[in-house]
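A.B. asks: Sequence first, then the predicted structure, then my questions.
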Amino acid sequence: IEAGSLSDGDDLQQVTDDLEEIIAQVKTTTKWAYNISTLATEASGVGPGIFVGIMARTEAGKTAMAVSLSASPGGFADQGAIIHFYANEEKAIRTKARAVSAYTGIPALELALNNEVVKASYGKIKDNIKFFDCRDKTILDIEAHIKQKRPDIVIADQIDKISIPGNFAREDERLGELYICFRDILVKYECAGIGMSQANAEAEGKTLLNSANMALARTSKPAELDVLIGIGKSTLHNENTRIINLIKNKVTSSHKEVVVQLIPELSRFVN
């Protein structure tokens, strides 16, 4: 009463003691597997309530990674997941064209020359992955959309550019609140989330990134993530070689590096 509110302690929900139910819930946590087999071995996949952050320097392949995991063969869409891709960097229509190339294996400049083949192929997953422009939308707008449509996986590219109501003294405080809000949305509506963000200048030319390389992060952003993936790129490697760092991994606890190849014209990452 003194605090101005009443609380019922009996309202707290105890976790089940049923071992079979516990095991079933753990399996559900990684319902959707990564389609890069080496990454799936180390990090399994995503599922309801799991929040994955992916960071990299400019032109290292952040959007390509999101497109590849969701739309290339064996990806989340191919597995039957309903995916919402919220784009606030490049236009969503361009990202969708990259998804079409990723799935069909036909570069964007050649799609028009293979119209019927593209329609027949991409038609297998087109209802599973939807793209939305959200440059002028807030996190509250996105939450309302997720509440109405109930996708299995939401992708925010880039998540840091999503606005959130409130007054904040510093940018890291705003980002911390944004990430908390995004995590709450994932838990509330039982969907997985992947947020793409920028790595800072200190990550330039590095193959092994760490949490301190998250731009404007301090500890506010990585603290809210279940998995933090860094995409490293170095001049010592082939132009299309990338090193995936499992900087934080609460899903399987593995922190091994995974070497992959980017096929830029298809927005595909492969072993």
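C.D. replies: Yes, it's here.

A.B. asks: hey, where'd the strands end up in the stretch 51-200 of the chain?
C.D. replies: Assigned by DSSP state E, counting those that start in this stretch, the strands in the stretch 51-200 of the chain fall at 51-56, 83-87, 129-133, 153-157, 192-198.

A.B. asks: Quick one: low-confidence residue ranges for this structure.
C.D. replies: Counting by pLDDT under 70, the chain shows low-confidence ranges at 1-11, 23-28.

A.B. asks: What residues sit buried inside stretch 102-111?
C.D. replies: For stretch 102-111, burial by neighbour count (16 or more other CB atoms under 10 Å) applies to A102, Y103, T104, I106, L111. C-betas here are computed from N, CA, C, even on glycine.

A.B. asks: repeat for stretch 257-269
C.D. replies: V258, V260, L262, I263, L266, S267, R268, F269.

A.B. asks: would you list those residues in CSV and tack on secondary structure and distance to M65?
C.D. replies: Formatted as CSV, the buried residues of stretch 257-269 follow (DSSP: H, G, I helix; E, B strand; the rest coil; distance: CB to CB, whole Å):
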residue, secondary structure, distance to M65
V258, strand, 12
V260, strand, 9
L262, strand, 8
I263, strand, 12
L266, helix, 13
S267, coil, 9
R268, strand, 10
F269, strand, 6
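
A.B. asks: now, among those residues, which is nearest to T95?
C.D. replies: Nearest to T95 among those is S267, at 8.8 Å by CB to CB.

A.B. asks: List the residues that contact the closest one.
C.D. replies: For S267, the contact set (CB atoms under 8 Å, 6 or more residues apart in numbering) comprises T63, A64, V67, S68, A71, S72, R98, A99, S101, A102.

A.B. asks: For the helix of greatest length in the chain, name the packing helices and strands.
C.D. replies: Looking across the chain with DSSP state H, the single longest helix is helix 171-188. Packed against helix 171-188 by the contact rule (3 or more CB pairs under 8 Å, 6 or more residues apart in numbering; DSSP states H and E) you find strand 51-56, helix 139-149, strand 153-157, strand 192-198.

A.B. asks: wait, what's in contact with the residue positioned nearest the centre of the chain?
C.D. replies: Taking CA atoms, centre = their mean, the centroid of the chain lies closest to I194, which sits 1.7 Å from it. I194 makes contacts with V46, V52, G53, I54, A66, L69, I153, V154, I155, A156, as judged by CB under 8 Å, 6+ apart.

A.B. asks: And V117, by the same measure?
C.D. replies: Shown in contact with V117 (CB under 8 Å, 6+ apart): T104, I106.

A.B. asks: Also D226?
C.D. replies: Shown in contact with D226 (CB under 8 Å, 6+ apart): I50, F51, V52, K248, N249, K250, V251.

A.B. asks: Identify the residue nearest it in space, chain neighbours excluded?
C.D. replies: Counting by CB to CB, 6 or more residues apart in numbering, K250 is the residue found nearest to D226 once chain neighbours are left out, at 4.6 Å.

A.B. asks: Surely that neighbour is in contact with A223?
C.D. replies: No: if you go by CB atoms under 8 Å, K250 and A223 don't touch, sitting 11.4 Å apart.
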